[in-house]
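A.B. asks: based on what follows, work out the 3D shape:
(one chain, ligands or ions: 1)
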Amino acid sequence: MRSAQTRPRQAADLHQQLPELRPGQSVELLKELHILTRDGRLNQDTRRKLKQVYHLVQFIEPLLQEVLDQRGDVVLADHGAGKSYLGFILYDLFFRPRGVGTVCGIEVRTELVDRSRALAQRLGFERMQFLATTVHEALHHPDLPPTIDVVTALHACDTATDDAIRFGLARQARFMVLVPCCQAEVAGVLRRNKALSLARTPLAEIWRHPLHTREFGSQITNVLRCLQLEAHGYEVTVTELVGWEHSMKNELILARRMGAPRPNAQQKAATRLREVLQELQLKELASRFEV
Ligand SMILES: C[S@@+](CC[C@H](N)C(=O)[O-])C[C@H]1O[C@@H](n2cnc3c(N)ncnc32)[C@H](O)[C@@H]1O
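C.D. replies: Residues are numbered from 1 along each chain as shown. The predicted structure is shown next:
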């Protein structure tokens, strides 16, 4: 017989004993996501993981609520969803208790999509949908709802973040929440064209150490993404995903589509975007950041 210490704890007990859990939060889901151990405990690592997830969720919940208040429904598309832990947690904390709204996970790896579908079914998360497709192909996928209110892309690899932005622009998403991953494309073009651009200035130092070149490429990519979003009428906030210790990539880009077009501000951003591409000999990437 198991002792009280080792006996798996019941969900109701757990909610009393673990103040970190939110009321009604699915214990089964947290176990599936390995945030709770099999016997329902949080250890130092998983407690930190839960804190990180809440930190991100706290940025997204008010956006979902705003859309829901305005149109009585809300659809979120999560690009490069992986195991879909963000979608699952959001569904559990926001969509499930309200009985409304849909979460669509878009992920190219079929085995992850199959696993997510099975988990959603087991948990009875009926308004979760998963597509085994690329972000790029999702743009014209017939199974996605016509209206997408919120686009998320959390560490979606390389140019998948750019595809997610393009998707959000095409669907006129109200909000985009992006935590970009490493993007190699811009750094590659920078390297190739370095002789033409900054090589004769002191800024050539950027190319001396590959790590600096890569990070510079990453930063410029995000600068271009923000300008692209602004040129399309979004207001952009860039902040840090504090506490996201397991990743070096912790820049959070929040974009809100403004109600009315702002031609002057949009024009200014578009001009700046073109100037940065020109200055850094990145014009061949104009279509990537198209306005
Ligand atoms: C680093 S993981 C992040 C997963 C999840 N968003 C998270 O933060 O835990 C990136 C995921 O994006 C998927 N992915 C990469 N490129 C993609 C693309 N073009 N279309 C769809 N999924 C993509 C990968 O298969 C992988 O599961």
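
A.B. asks: mind listing what's buried in the helix of greatest length in the chain?
C.D. replies: Ranked by number of residues, the top helix in the chain under DSSP state H is helix 44-71. For helix 44-71, a neighbour-count test (16 or more other Cβ atoms under 10 Å) marks 46, 49-50, 52-53, 56-57, 59-60, 63-64, 66-68 as buried. All C-beta spots, glycine's among them, are computed from the backbone N, C-alpha and C.

A.B. asks: just put the residues you listed in a markdown table and tack on pLDDT and distance to the ligand.
C.D. replies: Formatted as a markdown table, the buried residues of helix 44-71 follow (pLDDT from 0 to 100; distance: Cβ to the nearest ligand atom, whole Å):
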| residue | pLDDT | distance to the ligand |
| --- | --- | --- |
| 46 | 79 | 15 |
| 49 | 76 | 11 |
| 50 | 82 | 14 |
| 52 | 79 | 10 |
| 53 | 81 | 10 |
| 56 | 88 | 9 |
| 57 | 92 | 13 |
| 59 | 94 | 14 |
| 60 | 97 | 13 |
| 63 | 98 | 17 |
| 64 | 98 | 17 |
| 66 | 98 | 23 |
| 67 | 98 | 21 |
| 68 | 98 | 23 |
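
A.B. asks: return the residues of the stretch 51-200 of the chain in contact with the ligand.
C.D. replies: Counting by Cβ under 6 Å from any ligand atom, the stretch 51-200 of the chain comes close to the ligand at 80-82, 85, 106-109, 112, 134-135, 154-157, 160, 163, 181.

A.B. asks: let's have the buried residues of helix 44-71 in TSV, adding distance to residue 91.
C.D. replies: What follows is the buried residues of helix 44-71, written out as TSV (distance: Cβ to Cβ, whole Å):
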residue	distance to residue 91
46	20
49	18
50	16
52	18
53	13
56	14
57	11
59	16
60	12
63	15
64	11
66	18
67	15
68	14
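
A.B. asks: now do the contacts for the residue in the chain that the ligand sits nearest to.
C.D. replies: Residue of the chain nearest the ligand, by Cβ to the nearest ligand atom: residue 82 (2.5 Å). When contacts are counted by Cβ atoms under 8 Å, 6 or more residues apart in numbering, residue 82 touches 107, 109, 112, 155.

A.B. asks: do the same with residue 26
C.D. replies: 92, 96, 123 are the contacts of residue 26 under Cβ under 8 Å, 6+ apart.

A.B. asks: for whatever helix or strand residue 16 lives in, what is the average pLDDT?
C.D. replies: For residue 16, the host element (DSSP states H and E) is helix 11-17. Mean per-residue pLDDT for helix 11-17: 75.

A.B. asks: now do it: distance to the chain's middle.
C.D. replies: Taking the mean of its C-alpha atoms, helix 11-17 sits 31 Å from the chain's own mean (Cα atoms, centre = their mean, to the nearest Å).

A.B. asks: following that helix, which helix or strand comes up?
C.D. replies: Following helix 11-17 in sequence, per DSSP H and E, is helix 27-32.

A.B. asks: let me know the average pLDDT across that next one.
C.D. replies: 92.

A.B. asks: so residue 256 lies in a strand, does it not?
C.D. replies: Yes. Checked against DSSP: H, G, I helix; E, B strand; the rest coil, residue 256 lies within a strand.

A.B. asks: please begin residue numbering at 586 from this point
C.D. replies: Done: numbering now begins at 586, and the last item shifts to residue 841.

A.B. asks: buried sites along the helix holding residue 601?
C.D. replies: Buried residues in helix 596-602 (16+ other Cβ under 10 Å): 599-600.

A.B. asks: what is it packed up against?
C.D. replies: helix 612-617 (3 or more Cβ pairs under 8 Å, 6 or more residues apart in numbering; DSSP states H and E).

A.B. asks: let me know whether the helix it packs on sits next to the ligand.
C.D. replies: No. In terms of Cβ under 6 Å from any ligand atom, no part of helix 612-617 sits within range of the ligand; the closest distance is 13.9 Å.

A.B. asks: which other residues reach that helix?
C.D. replies: 596, 599-600, 606, 621-623, 625, 635, 673-674, 677, 704, 707-708.

A.B. asks: same check on stretch 630-644?
C.D. replies: 605, 615, 619-622, 627, 670-671, 674-675, 678-679, 739, 762, 764, 826-831, 837, 839.

A.B. asks: just the buried members of these?
C.D. replies: For the contacts of stretch 630-644, buried by 16+ other Cβ under 10 Å: 615, 620-621, 627, 670-671, 674-675, 678-679, 739, 762, 764, 826, 829, 837, 839.
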